[in-house]
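Undergrad: okay, here's the prediction I keep looking at, along with the sequence it came from:
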Amino acid sequence: MRCVIARYPFDLTKDGVLDSMKGVTPEPVTGESVTIGRRRYPVKQVGEVVTRQDRRDFSGGEVTRAMARLGFTCHAAPDATPAPAATPVETASALLGGTTSPDA
């Protein structure tokens, strides 16, 4: 499949991407990601390995579109909102066997 990443045309195949990513250890996923084989890689890492370009030269969206067209499963960025922390009163109440919800 022909695609353009960072204004350069590439002829990518599913087998070619699988071969390129073979033996590459996935970096921690903090944004968009793609599942290749049994591993989940950040799209920027995949783009860098497959195109041999610096990851600052292309966007994650370009790589995501190319990988989706090749049939790989792409994932959106994980939800970055942490669960609200319990207040000291809620923590003490839970330790003493009370409820943890202030509404209860």
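TA: Looks like it came in fine.
Undergrad: show me where this structure has strands.
TA: 2-5, 8-11, 33-36, 39-42, 73-75 (DSSP state E).
Undergrad: just say which of the ones you listed is most tucked in.
TA: Counting by mean count of other C-beta atoms under 10 Å, strand 33-36 has the highest mean neighbour count of the strands of the chain, with a mean of 22. Where C-beta positions appear, they are placed from N, C-alpha and C, glycine not excepted.
Undergrad: what pairs with it, parallel or antiparallel?
TA: Paired with strand 33-36 in the same sheet, following DSSP bridges, are strand 39-42 (antiparallel), strand 73-75 (antiparallel).
Undergrad: out of these, flag the one nearest Arg2.
TA: Counting by C-beta to C-beta, Arg2 lies closest to strand 73-75 out of the strands paired with strand 33-36; the figure is 19.0 Å.
Undergrad: which residues are in contact with that closest one?
TA: When contacts are defined by C-beta atoms under 8 Å, 6 or more residues apart in numbering, strand 73-75 is touched by residues Val29, Glu32, Ser33, Val34, Thr35, Arg40, Val43, Thr64, Met67, Ala68.
Undergrad: Provide a list of residues in contact with the second one.
TA: Meaning Glu32. Per C-beta under 8 Å, 6+ apart, neighbours of Glu32: Pro42, Val43, Gly60, Gly61, Thr64, Cys74, His75, Ala76, Ala77.
Undergrad: same check on the last one?
TA: The contact partners of Ala68, taken as C-beta under 8 Å, 6+ apart, are Cys74.
Undergrad: distance to Gly97 and mean pLDDT added to the strands of the chain, as a markdown table?
TA: Putting these into a markdown table (distance: least, C-beta to C-beta, whole Å; pLDDT from 0 to 100) gives the following:
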| stretch | distance to Gly97 | mean pLDDT |
| --- | --- | --- |
| strand 2-5 | 58 | 89 |
| strand 8-11 | 61 | 91 |
| strand 33-36 | 41 | 94 |
| strand 39-42 | 40 | 94 |
| strand 73-75 | 40 | 92 |
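Undergrad: now stretch 63-73: buried residues?
TA: By neighbour count on 16 or more other C-beta atoms under 10 Å, the buried set for stretch 63-73 is Val63, Thr64, Arg65, Ala66, Met67, Leu70, Phe72.
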